[in-house]
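Asker: Everything below, folded, please.
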Amino acid sequence: MTTLKDWIDETLRAALGPTHLDVIDESHLHAGHAGARPEGETHFRVDVVSAAFDGKSRVERHRIVNGALDPAFKRGLHALAVRARTPAEVG
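Answerer: Residues are numbered from 1 along each chain as shown. From the prediction side, this is the model:
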């Protein structure tokens, strides 16, 4: 079975064609907090750079990422921190 981290990575790569993507499982930092599970895979941070974000506001970028990952929330994802930038913003 694919880990949720791998699924998030594969899904965002397919949806956004990013030039940079980091998917970080931060679940261990939230042990004992709301939504945390002993097996982890509940809290993630993504840093994604994609031309798909050109001309989009920060809110629109987050909606794109959250929309692509909607099935993950149904699979147990509790929290997602997103940093979404365009290639021009990276420099």
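Asker: For Ala88, see how far away Leu80 is.
Answerer: According to Cβ to Cβ, to the nearest Å, Leu80 and Ala88 sit 24 Å apart. C-betas here are computed from N, CA, C, even on glycine.
Asker: Those two: which is more packed in?
Answerer: Between Leu80 and Ala88, counted using other Cβ atoms under 10 Å, the more crowded position is Leu80 (18 against 10).
Asker: How about the secondary structure of that one?
Answerer: Leu80 falls in the strand class when you classify it by DSSP: H, G, I helix; E, B strand; the rest coil.
Asker: pLDDT below threshold where in this structure?
Answerer: 1, 28-40 (pLDDT under 70).
Asker: residue nearest the centroid of it?
Answerer: The geometric centre of the chain, computed from its C-alpha atoms, lies nearest to Val46 (Cα atoms, centre = their mean), at 4.1 Å.
Asker: so that residue sits right up against Arg83, yeah?
Answerer: Yes: between Val46 and Arg83 a contact is recorded at 7.1 Å, counting by Cβ atoms under 8 Å.
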